[in-house]
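A.B. asks: kindly return the folded structure for what I paste below:
(chains A, B and C)
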Amino acid sequence: MRLRRRGDFERAYREGSRARGSVLRVVAVENGGPWTRLGLSVGRRVWRHAVQRNRVRRLFREAFRLEYASLPAGFDLILIPAQPRLRPDLDSTRRELVRLARKASRRAREKRARAGEEAS
RNA sequence: CGAGAGGUCCAGGCGAUCGCUCCACGUGACUUCUGUCGGCGUGGGGAGGAAAGUCCGGGCACCUCGGAUCAGGAUGGUUGCUAACGGCAACCGGCCGUGAGGCUAGGGAAAGUGCCACAGAGAGAAGACCGCCUACCCCGUGCGCAAGCGCGGGCGGCAAGGGUGAAAGGGUGCGGUAAGAGCGCACCGCGGUCCUGGUGACAGGGCCGGCAGGGUAAACCCCAUCCGGUGAAAGACCAAAUAGGGGAGGCGCAACGGGCGAUGAUCCGCGUCCCGUCUCCCGGGUAGGUCGUUCGAGGCCGGCGGCGACGUCGGUCCCAGAGAAAUGGUCGCCCCCUCCGGUGACGGAGGGACAGAACCCGGCUUAUCGGACCUCUCGCGUC
RNA sequence: GGGCGAUUAACUCAGUGGCUAGAGUGUCUCGUUUACACCGAGAAAGUCGGGGGUUCGAAUCCCUCAUCGCCCA
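C.D. replies: Numbering: from 1, shown residues only, chains lettered A, B, ... in the order given. The predicted model follows:
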């Protein structure tokens, strides 16, 4: 499911854990539900022209769709291109998505556990 | 066959499969009875000719409205088309091309002002550097009896030729003259006037004038025509949390005064508020949501009118509606291009332009692989 | 979506129709110094963002394209 509300994005940027690779930058935050949700943030700095920008967006969405079963459940994942003028291919995006999503979600769980200890 | 001119159209095709989004119908669960869902099933729609740049013009929406003068901006051959335009069509003039055709910001320079560097004698009611001439007048001198003839110079004359310049106060030719000159004449150009044709821009012709002060208005300006501002983040509605009192209408003060207004200035009218009082009402608004939002100056086909842009009539079709923003992934066959191997049929690899709707239209401009078709021009060859 | 502005030497900027487009910093060469810096003298460096037009003449005026930046929430 796509993430679209402004508040969801702000919560992710405020509380989320990040991981960066050569293609993607992933921000992960627990959403309290049973499903994983997708947010995309592809700005004009990546590509000036809309065709190339849509290309990146659609490829990210396709990678998310194909690797959905391998992703940690119960997270909102925001995908950001790692560098301007990115020309990604599907295979490497899929591999990096899985790797970074697991890494970021692990960090998010640790962070929450630490917060729980300090609260108690 | 070769070279070229103008225009219309297409934007790789077919299929399978996994997804996204919207719509219709049926159906399930929940429900505050109005809707909600990672619901289910079936069927259907889903980027462009430029969707782009935002250079113009409109629709639509709001701003408390109407007018006058000025300022400001835009446009600039004529006649039309159109909702409108800075767009388009036809025509006129100019320039380019053998031609088909192409380009054209193309009103006014005797309304006024400014500018025209450098060079050059002179650059605007100009001027004589080199040059040409010495007819008239004066001086010197040679020849001659004399009238006179000649040479040099002066006083002067000229603007043909050279030279400068982007530009030198019409051009060519003949006559004329001391040399020259629109000084005279012919033709061309130019100005005025009249006639004819055309709605008009303008064209053609007659007569008169010897020619009348260059260029620049994408310099100021003058003339004619047009123009209110803000833009879907316009705007209408529903409405958590929080804070907490406002809103609508009538009358008077009032023949006073002040503020506000279509947001460049001034003025006039008009409206409205400020103050008092009376009556009535519960609303306003952020997050968020719904509408605006896709049926429209609409597409296609045909008839009629018009040279055409276009208009009109009839039939037919419904054709994207996202919102951190949907059109994508994979596979097969075919098409086109490039490269490699091969004599070849063929095989293999890579590639398929520019580019992505954001309220909607009409244009302009710019980007663009390649292809189809129509009309026309020139050259060569053959019959 | 809408609206403004800028582009001139490697850098920061002048130049608003007319001679070879200038200034500061920087760079290079020479001098000075044992050497370096400072200082002095000199030099190089420009499609004036690209293209087209107006004009005798354009960095300057007009049109168009490109790039960069800012504002409206």
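A.B. asks: near RNA strand B, which residues of chain A?
C.D. replies: Within reach of RNA strand B by C-beta under 7 Å from any atom of the strand, chain A has these residues: A:1-7, A:9-10, A:33-36, A:39-42, A:49-51, A:54, A:57-59, A:61-62, A:65-66, A:68, A:90. Heads up, the C-betas are built off the backbone N, CA and C, glycines and all.
A.B. asks: those residues in helices, which ones?
C.D. replies: A:6-7, A:9-10, A:50-51, A:54, A:57-59, A:61-62, A:65-66, A:90 (DSSP state H).
A.B. asks: quick one, phi/psi of A:G43?
C.D. replies: phi -90, psi 180 (degrees, to the nearest 10).
A.B. asks: sorry, back to before: out of the ones in helices among the residues of chain A next to RNA strand B, which end up buried?
C.D. replies: Buried members of these, scored by 16 or more other C-beta atoms under 10 Å, are A:9, A:57, A:59.
A.B. asks: which one among the ones in helices among the residues of chain A next to RNA strand B gets closest to A:V23?
C.D. replies: A:L59 (9.5 Å; C-beta to C-beta).
A.B. asks: gap between the nearest residue to that closest one once chain neighbours are set aside and A:S17?
C.D. replies: Counting by C-beta to C-beta, 6 or more residues apart in numbering, A:L59 lies nearest to A:P88, which is 5.5 Å off, once chain neighbours are set aside. From A:P88 across to A:S17, the span is 22 Å (C-beta to C-beta, to the nearest Å).
A.B. asks: who has more neighbours out of the two?
C.D. replies: With neighbours defined as other C-beta atoms under 10 Å, A:P88 and A:S17 compare such that A:S17 has more, 21 against 18.
A.B. asks: that one touches A:A104, doesn't it?
C.D. replies: Yes: using C-beta atoms under 8 Å, A:S17 is in contact with A:A104, at 4.9 Å.
A.B. asks: having no further points to raise, I will conclude here.
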